[in-house]
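> No sequence on hand, only this structure:
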């Protein structure tokens, strides 16, 4: 009985794939094209930590983003404040926009270049990130892709 149910689920899922993705024949009719990727990080500030974290963003985080921008890895970045956060929502959103995602080897190469630029080890970077837990907590992370109208 279990095999019959599994086969039925597999057959149903395979039959739905053409409905969920535009195929070559339908691609010309699809009203949108894929655009930039937006990486969004939700940050919860701890009591008394807003000034310290703003200082970090204005110096280290901004410098990191400018480095990535100078290398062509990202197009832009910004910080948004959640003016009226509801319970559980982040206080800040950090946005980084890029045209494409790096492949595995390219991502590793970028990581090596970034660490060389920072003149730090991965262990040092991890410790510094953990130290920021005193005044902020990362609550969420999303990767969205913009859809543009044709």
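Here it is on my side, so go on. What you see is a predicted model; the values in this text were computed from it and never measured.
> show me what contacts residue 61?
By C-beta atoms under 8 Å, 6 or more residues apart in numbering, residue 61 lies in contact with residue 94. All C-beta spots, glycine's among them, are computed from the backbone N, C-alpha and C.
> can you do 10 Å?
When contacts are counted by C-beta atoms under 10 Å, 6 or more residues apart in numbering, residue 61 touches 53, 55, 77, 79, 94.
> Can you pick out the most distant pair from those?
Within the contacts of residue 61, two members stand farthest from each other by C-beta to C-beta: 55 and 77, at 17.1 Å.
> Where does pLDDT dip in the protein?
Within the chain, the segments meeting pLDDT under 70 span 1-27.
> Backbone dihedrals for the residue nearest the centre of it, please?
In the chain, the centroid-proximal residue (C-alpha atoms, centre = their mean) is residue 39; its distance is 2.5 Å. Torsion angles at residue 39 (phi, psi; degrees, to the nearest 10) stand at phi -90, psi 120.
> And the one 10 residues further on, by the same measure?
Residue 49 has phi and psi values of phi -100, psi 0 when expressed as degrees, to the nearest 10.
> what's the spacing between it and residue 58?
Remark: distance between residue 49 and residue 58 (C-beta to C-beta, to the nearest Å) = 14 Å.
> Of those two, which one has the most company?
Using other C-beta atoms under 10 Å, the more surrounded residue of residue 49 and residue 58 is residue 49, with 19 against 11.
> So what's the residue count around the residue nearest to that one when sequence neighbours are not counted?
Leaving aside its chain neighbours, residue 49 sits nearest to residue 135 (2.7 Å; criterion: C-beta to C-beta, 6 or more residues apart in numbering). Taking other C-beta under 10 Å as the criterion, the count of residues near residue 135 is 18.
> coming back round to it: quick one: which of residue 55 and residue 77 has more around it?
residue 77 (18 against 12).
> Quick check: the more buried one touching residue 63?
No - shown here, residue 77 and residue 63 do not form a contact pair, counting by C-beta atoms under 10 Å, at 11.4 Å.
> In a helix, residue 86, correct?
No - checked against DSSP: H, G, I helix; E, B strand; the rest coil, residue 86 lies outside a helix; its state is coil.
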